[in-house]
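J.: Dropping a prediction and its sequence here:
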Protein chains: 2
Amino acid sequence: MSQTAINPNPNAPLDALDFFRNSAGTWRSQRVTHHLAFRRAEVGESTIRVEMLDNSDPRIAEICAMHAIDPAQAAGGAHIAWKGLMEWDKADENHEGQSVMVIVPDPDAPGSGQLLRERGYAETAPVAGRYHIDNDNGMVLTTEYETMSSTERFWFPSGNLRMRTSTLQRFGGYNTATFCTEVRVSEDGNVPQAAPDTAPAATPIYSALGW
Amino acid sequence: MSQTAINPNPNAPLDALDFFRNSAGTWRSQRVTHHLAFRRAEVGESTIRVEMLDNSDPRIAEICAMHAIDPAQAAGGAHIAWKGLMEWDKADENHEGQSVMVIVPDPDAPGSGQLLRERGYAETAPVAGRYHIDNDNGMVLTTEYETMSSTERFWFPSGNLRMRTSTLQRFGGYNTATFCTEVRVSEDGNVPQAAPDTAPAATPIYSALGW
């Protein structure tokens, strides 16, 4: 599997399929969830593997059928598998799962559309979210559930570094905010040479603003 | 001090001064820094107080003079004070500081411009960054230093909730990624009624995507 960034020019406009293409491979994900009401930060680490699916893959047609959408409208999809361990899991329970996602661009606006899935993390029914690409090449995904809604933003500072934030609202109030920093690794879990610089900062720096 | 959101309509376009206006007040900030090479997450909490300065404030003219910019070009500024404690400070050293910032919009494009400061967190010289407002009402700020550059994005999911991410590059490689979740509090540090919902999720949910 190539470790090369597929979109080496960060200024070129992306579409949602580019996001999946650029996500293809194996990632080591560092995550934090801020529980807003409880003033707690929950950190965790996981491994994520993303594999592109082309339109001939039967899983694409299957998910489109769940959502009553013509598979010819799909731009492509991805199979995503993750495995992680969260700090609060006293019983050392593994968080592991997989999902198939399908991109259905809006016919008149290819920078936005629907993201179809079999099911959400805490739902049993098929789930569809709305995405759009913002003018900084971030992909923003909003998903409405029965009792909550989520807003996620994904972006690539470089071809081997992916970031995302997500906020969850329940009953109109914000519950949690999550941030993931994801470094591309080789399939055996090692960080390749192209990974972030290892030179430590001379002084600890958290924000250029200082606060 | 009013706890009311100044821009209650999240769909209205903002400018940089709106960001400062919406930031005015006292915030409880939960922060995480991901050290990419070391696979460490460093969490912390701080209190931030932001006070608007109008153009008649002598500090505005002073900072403009440091940068050789006509103070008439400034749209306004802010005084920011922060106090925090980071997990890695074994000696319980307090991180405390303050800074004055001045917004100088581009004459032909008010959604972008310069953000002037006395000095950066780790610099002794005056610092100027470039900002622009993206089409999701996020403010993106890039700052070039002698040996590093930072990219920060600020956004308001609601009037009482502010978030920001920042990435630091040194010698062309990414060092750290920081995420802050900031909840507006009263001056005595209590979270007001308008703060995020306290209803806990029935099941732990980290991302609507599940990964």
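T.: Looks like it arrived, so ask away. Model, not experiment: these values are computed from the prediction.
J.: use CA for all of it now, contacts and neighbours both
T.: Fine.
J.: Tell me where the model's unsure across chain A.
T.: Applying pLDDT under 70 to chain A flags the ranges A:1-13, A:85-94, A:119-124, A:189-211.
J.: The host helix or strand of A:Asp18 packs against which elements?
T.: Using DSSP states H and E, A:Asp18 sits in helix A:16-23. In terms of contacts (3 or more C-alpha pairs under 8 Å, 6 or more residues apart in numbering or on different chains; DSSP states H and E), helix A:16-23 is packed against strand A:40-53, strand A:76-86.
J.: Tell me which of those strands lies nearest to A:Tyr174.
T.: Nearest of these to A:Tyr174, taken as C-alpha to C-alpha: strand A:40-53 at 14.2 Å.
J.: what helices or strands is that closest one leaning on?
T.: Partner elements for strand A:40-53 (3+ C-alpha pairs under 8 Å, 6+ apart): helix A:16-23, strand A:25-35, strand A:76-86.
J.: next SSE after it?
T.: The helix or strand immediately downstream of strand A:40-53 is helix A:58-66, counting by DSSP H and E.
J.: Check which residues of that following helix are buried.
T.: A:Arg59, A:Ile60, A:Ala61, A:Ile63, A:Cys64 (16 or more other C-alpha atoms under 10 Å in any protein chain shown).
J.: Closest one to chain B out of those, please.
T.: Using C-alpha to the nearest C-alpha, A:Ile63 comes nearest to chain B of those, at 15.3 Å.
J.: looking at it, the closest one is touching A:Ile103, isn't it?
T.: No - counting by C-alpha atoms under 8 Å, A:Ile63 stays clear of A:Ile103, with 10.5 Å between them.
J.: Now do the shared contacts for these two.
T.: Listed contacts common to A:Ile63 and A:Ile103 are A:Leu116; contacts here mean C-alpha atoms under 8 Å, 6 or more residues apart in numbering or on different chains.
J.: picking up where we left off before, tell me the angle the helix holding A:Asp18 makes with strand A:76-86.
T.: On the basis of axes from the mean of the first three to the mean of the last three C-alpha atoms, to 10 degrees, helix A:16-23 is oriented at 50 degrees to strand A:76-86.
J.: For the closest residue to A:Val183 other than its chain neighbours, which residues count as its bridge partners?
T.: Take A:Val183 and drop its neighbours on the chain: the residue closest to it by C-alpha to C-alpha, 6 or more residues apart in numbering or on different chains is A:Leu161, 4.9 Å away. Beta-bridge partners of A:Leu161, counted by DSSP bridges, are A:Ser158, A:Val183.
J.: Great, nothing more from me.
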